[in-house]
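J.: need a structure here:
(chains A and B)
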Amino acid sequence: MQYKKLTNADVDNLKGICSSERVHAWEEINEDYSHDEMPEYGYYMPEAVVEAVSTEEVSAVMKYAYENSIPVTPRGSGTGLCGGAVPIYGGILLSLAKMNRILELDEENLTVTVEPGVLLMDLIKAVNEKDLLYPPDPGEKSATIGGNIMTNAGGMRAVKYGVTRDYVMALTVVLPSGEIVKLGSRTTKNSSGYSLKDLMIGSEGTLGIVTEIMLKLIPAPKEVISLLVPFRDLDSCIDTVPKIIKSKAVPTAIEFMQKEVIEAAEEYLGKKFPDKSSDAYLLLSFDGTSREEIENIYEEVADICLEAGAVDVFISDTEERQESIWGPRGAFLEAIKSSTPSMDECDVVVPRNKIAEYVRYVNTLEKKYGVRIRSFGHAGDGNIHVYLCKDDLDDETWKTKCKEIMKALYEKAIELDGQVSGEHGIGHAKIPYLRGSIGDTQITLMRGIKKVFDPKNILNPGKIVG
Amino acid sequence: MNILVCIKQVPGTNKVEVDEETGVLKRDGVSSKMNPYDLYAIETALRIREKTGGTITAVTMGPSQAQDVIKEAYMMGVDEGYIFSDRRFAGADVLATSYTLSMGIRAIGEFDLILCGKQTTDGDTGQVGPALAEYLEIPHVIWVKGIEEVDENSITVEQDMADCTAIVRLSYPCLITVDKDIAQPRLPSYKKKLKTRNRPVKIMSFDDFADKNEDNYGLSGSATKVERIFPPDSNDDHIMFEGTGEKLSREIYDILVKNKIV
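T.: This next block holds a predicted model:
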């Protein structure tokens, strides 16, 4: 596909569509727009950045780009980890960050309608004030809700509540042609044809641009208590997870973490973690309507942990205590990042009963390849984040080793019936692994779908299916 | 070494609303917790005990449900606990509270070191610790942010004086109030919860105290009266800057200069 390079006339036209202070071209563009949270996957400058403020503007920009064959990359706050919102073919970077209004909080239907640029933290605050909960809880709170939808973000409450997809009721979408469609509805049930809404979720901005979102909320649980469970070693720690799941107690989260990552977070935040006596930890969370109700549930799980060899079970039941644990937990990614000049990451997901086997395998790779590897993740839903740290390796060795380790990591995940990405997406960085995982037939189907939505391949080209 | 820690039950959240008409805190349906500063006092006591041996006793004053904080102290590793509970203690201000605590502590026995949190998150006065020390006629140091040394006869502490740190050595018996961040408090242990399930919380009342003059306790023993409680004005004024790093740094610099911060 030959794309048109932007000219001064194009920029003027875009300024005519939006207002001129929201269109930036060439040297006026902030360098941040050329990468996401993983600059390791390359810097790609757009030719123009357009900050849209309405569905109509997005539609007009798309119409213009479609007619002129200019590639468009939609972007929220750029917190992605696979290069999904990076304009690898230049063209227009369409920022939705200014579309950040919360349009309606409907307490009768328990829904909230927002624009895509609303930050997750602002959404959380707005619904919490009404004693409601938006259950998905991705770690990156400065991500936009639009970005969450485009990656089908998961987060730390998936064990009990599911992921972003489970809470999206309706979407307003601008298609690559500029046409505006409304997908999904306010209704609880829907058997009316293909679910294009669900196709849109997780499509990483390759099929359409979401400009309005209706989300489902639930009444906020009154009490939340977490358990921090230390184990002498990783094996006994991770082997406990299936036992907890089998007990049918439903924690909102089951996270696992190791001492090294906790120490990195302590250093990064300059705060002390409440316990560091052990090598491996499970972090469990429970919610409910009363403290007594939660105590009954967590005591059963605490007993399971002690039987399985836990050193103790620590109880976190106040705001301060929750912050002392979940604060560092939320900083793991940044902490690892700051500990090394460069890193690579993978976000595989395996069936829950395979998580122990997978983590054990990951740990063998560190020695085998001589690369520092750190991992943590959502043990309860099989989603694990693995980080390779460059440290003082030279560029050549690092590149080679990264490639080999990544290959090994993805192959093992697939062998265990897992998937390439649990919640971060594919972007452009993980394309070869996706192909290796799901095979040509599915890739061909996906390409076919892409072609129906975007026959000129102008919307976020070079992502997911290439 | 005999260590005593004073703890208090406070509302579980700082979002407690105030009844505009009566000026009373709306505590119904609001959960309670141990005063966060007291956790640092307990943690400090536990760390001292690890070095010197001995026992830690926790005391609290309040209605019978305040026993929960003693139970929680047991789950952190405290050996013994008392609650001073009597309707004649109700309505106490700083003066009456510290007097009541002093009478209770005298009734329990002798202690080498008494630890308090710097302040509570509900009353916020930070005065009960020092007043208690005065009633017990022992030396005290407030705003302790670190323990330098503990030996058989004395404790050496770092006192946070805002623009400098004072290193103070106190002989026992003495009292210190500790600041947050002196040591990250450990979490309550489920194992200890199981172990201390049947450990009693000893209840002491007016009748157990040496001073039998009711006028020295509770509302009648208070030197101050609360006229009105109201929530402070809150504002979340903020300015958003947008643009390139260069533009942002310029704007922030200008604001700092304008407000004479730099």
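J.: how far does the biggest helix by length in chain A sit from its chain's centre?
T.: Scanning chain A for the longest helix, with DSSP state H as the assignment, gives helix A:431-453. Averaging C-alpha positions (CA atoms, centre = their mean, to the nearest Å) puts helix A:431-453 21 Å from its chain's average.
J.: packing partners of that helix?
T.: When contacts are defined as 3 or more CB pairs under 8 Å, 6 or more residues apart in numbering or on different chains; DSSP states H and E, helix A:431-453 packs onto helix A:395-415. C-beta here means a position set from N, CA and C on the backbone, and glycine is covered the same way.
J.: between the helix it packs on and helix A:431-453, how many degrees?
T.: Here helix A:395-415 runs at an angle of 70 degrees relative to helix A:431-453 (axes from the mean of the first three to the mean of the last three CA atoms, to 10 degrees).
J.: now the helices for the chain?
T.: Answering for chain A, as no chain was given. Applying DSSP H to chain A gives helices spanning A:8-17, A:55-68, A:120-128, A:145-151, A:158-161, A:196-200, A:234-246, A:259-269, A:291-307, A:319-330, A:332-338, A:355-369, A:395-415, A:431-453.
J.: wrong one, chain B
T.: Using DSSP H, the helices of chain B run over B:36-52, B:67-76, B:94-108, B:128-136, B:190-195, B:245-258.
J.: which residues touch the longest one?
T.: So that's helix B:36-52. Around helix B:36-52, the neighbours that count as contacts under CB atoms under 8 Å, 6 or more residues apart in numbering or on different chains are A:318, A:320, B:1, B:3, B:5-8, B:55-56, B:58, B:69, B:73, B:76-78, B:113, B:115-121, B:144, B:147, B:150, B:152, B:155, B:177-186.
J.: about what we covered before: packed most tightly, which of the helices of chain A would that be?
T.: helix A:145-151 (a mean of 30; mean count of other CB atoms under 10 Å in any protein chain shown).
J.: so how far is it off the chain centroid?
T.: 8 Å.
J.: from the contact counts, what lies against that helix?
T.: Partner elements for helix A:145-151 (3+ CB pairs under 8 Å, 6+ apart): helix A:120-128, strand A:209-216.
J.: chain A contacts on the stretch 151-262 of chain B?
T.: When proximity is defined as CB under 8 Å from any CB of the partner chain, the stretch 151-262 of chain B approaches chain A at B:183-191, B:193, B:243-245.
J.: ok, B:Arg88 to chain A distance?
T.: As judged by CB to the nearest CB, to the nearest Å, B:Arg88 and chain A stand 30 Å apart.
J.: do I have it right that that residue meets B:Gly221?
T.: No - B:Arg88 lies out of contact with B:Gly221 (CB atoms under 8 Å); the separation is 9.1 Å.
J.: more neighbours: those two, which one.
T.: B:Gly221 (21 against 18; other CB atoms under 10 Å in any protein chain shown).
J.: quick one on the thing from earlier: to chain B, which of the helices and strands packed on helix A:145-151 lies closest?
T.: Nearest to chain B among these is helix A:120-128; the distance by CB to the nearest CB comes to 10.8 Å.
J.: what mean pLDDT does that closest one have?
T.: Throughout helix A:120-128, pLDDT has a mean value of 97.
J.: mind checking which of the contacts of helix B:36-52 are buried?
T.: When the contacts of helix B:36-52 are checked for burial by 16 or more other CB atoms under 10 Å in any protein chain shown, the buried set is A:318, B:1, B:3, B:5-8, B:56, B:58, B:69, B:73, B:76-78, B:113, B:115-121, B:144, B:147, B:150, B:155, B:177-180, B:182-186.
J.: out of the residues you listed, which sit inside strands?
T.: The strands, defined by DSSP state E, take in B:3, B:5-6, B:56, B:58, B:113, B:115-117, B:144, B:147, B:150, B:155, B:177-178 from the buried ones among the contacts of helix B:36-52.
J.: coming back round to it: need the helices and strands packed on helix A:145-151 in TSV with distance to chain B, can you?
T.: Output for those, formatted as TSV (distance: least, CB to the nearest CB, whole Å):
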stretch	distance to chain B
helix A:120-128	11
strand A:209-216	21
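J.: nearest to A:Val229, of those?
T.: helix A:120-128 (26.2 Å; CB to CB).
J.: shaky segments in the chain?
T.: Using chain A here. Of all residues in chain A, those with pLDDT under 70 make up the ranges A:1.
J.: not quite, I wanted chain B
T.: Judged by pLDDT under 70, the stretches of chain B that qualify are B:14-16, B:20-29.
J.: closest one to A:Leu207 out of the ones in strands among the buried ones among the contacts of helix B:36-52, please.
T.: So of those, ranked by how close each gets to A:Leu207 (CB to CB), first place is B:Gly117, at 56.4 Å.
J.: what about the closest one, distance to chain A?
T.: B:Gly117 is 12 Å from chain A, by CB to the nearest CB.
J.: residues touching that residue, list them.
T.: B:6-8, B:35-41, B:129, B:177-178.
J.: burial check on the closest residue in space to B:Leu101 that isn't next to it in sequence, number of neighbours?
T.: Ranked by CB to CB, 6 or more residues apart in numbering or on different chains and with sequence neighbours excluded, the top spatial neighbour of B:Leu101 is B:Leu132, at 5.2 Å. Neighbours of B:Leu132 under the rule other CB under 10 Å: 24.
J.: chain B contacts on chain A?
T.: Going by CB under 8 Å from any CB, the residues of chain A near chain B are A:30, A:223, A:227-228, A:271-275, A:291, A:299, A:302, A:306, A:312-321, A:324-325.
J.: many thanks, we can stop here.
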